[in-house]
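Undergrad: 3D, please:
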Amino acid sequence: MRQKNPLLIVLGACGGCLLVGIIAFAVVIGIGWNKSKGAFNGIVGMAASMPVFLKDLKVKNYNGAAALIEPASQERLSSAKIQKLEETVEKKYGPLKSYSQQPNYRTSSQPGTESGQISVEYDYDYVMTYEKGTATATFRFVIPDLRHPSGKITDFTLTATP
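TA: Model (predicted):
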């Protein structure tokens, strides 16, 4: 008959439990990453869309700028309306020369919607420098479900600085 070392039995049992714990932790992390991938992509999309939009304004690609607008807002912010906003400021200050690389931002949240989610709004302001003056470009992102931000612009205003 074989002798059993009690230390090896305890180490084997603890090692098995540790292995099960590591596997469970990896599964939970994997599920969490998969669930948050949409939120991560939406946030990255927000940060990437604003500089592209401003570049499109500078080169007068209004259709490209309008493509970055949330579908529900595209009628209100069509390429023609974006063009009119830009041309109104250019009429007063001349051509667009540059814009700030880092925006100022504000956030606010609203009480839960019918699904219990908190709605969050992000506003980003960029200083636009024209030949004879400045203006402020304000981007708004309204996210009704934090798990699924679209990354698309919900609202845009361009205000000449007095």
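Undergrad: Could you use CA atoms for every contact and neighbour count after this?
TA: Noted.
Undergrad: how far away is V127 from G12?
TA: Using C-alpha to C-alpha, to the nearest Å, V127 is found at 64 Å from G12.
Undergrad: Same check on P51?
TA: Noted for P51: a distance of 57 Å to G12, by C-alpha to C-alpha.
Undergrad: Settle it for me: which of these two has more neighbours?
TA: P51 (17 against 12; other C-alpha atoms under 10 Å).
Undergrad: Pull the contacting residues for the more buried one.
TA: Applying C-alpha atoms under 8 Å, 6 or more residues apart in numbering, we find P51 in contact with Q101.
Undergrad: And it, how far from L7?
TA: 63 Å.
Undergrad: Next: P162.
TA: Distance of P162 to L7, computed by C-alpha to C-alpha: 81 Å.
Undergrad: can you map out the helices along this protein?
TA: With helices called from DSSP state H, the chain shows them at 6-58, 62-66, 79-93.
Undergrad: Using TSV, please lay out those helices together with distance to T157.
TA: Rendered in TSV, the data for the helices of the chain read as follows (distance: least, C-alpha to C-alpha, whole Å):
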stretch	distance to T157
helix 6-58	12
helix 62-66	13
helix 79-93	8
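Undergrad: Pull out the buried residues from stretch 130-138.
TA: Neighbour counts over stretch 130-138 (16 or more other C-alpha atoms under 10 Å) mark Y130, G133, T134, A135, T136, A137, T138 as buried.
Undergrad: The third one reaches Y126, doesn't it?
TA: No - when contacts are counted by C-alpha atoms under 8 Å, T134 is not listed as touching Y126 (10.3 Å).
Undergrad: Which residues are in contact with G45?
TA: Residues near G45 by C-alpha under 8 Å, 6+ apart: S150, G151, K152.
Undergrad: K58: which of those is nearest?
TA: Relative to K58, the closest of the contacts of G45 is K152; by C-alpha to C-alpha it sits at 19.4 Å.
Undergrad: wouldn't that closest one be in contact with M46 here?
TA: Yes - with contacts counted by C-alpha under 8 Å, K152 reaches M46, the gap being 6.3 Å.
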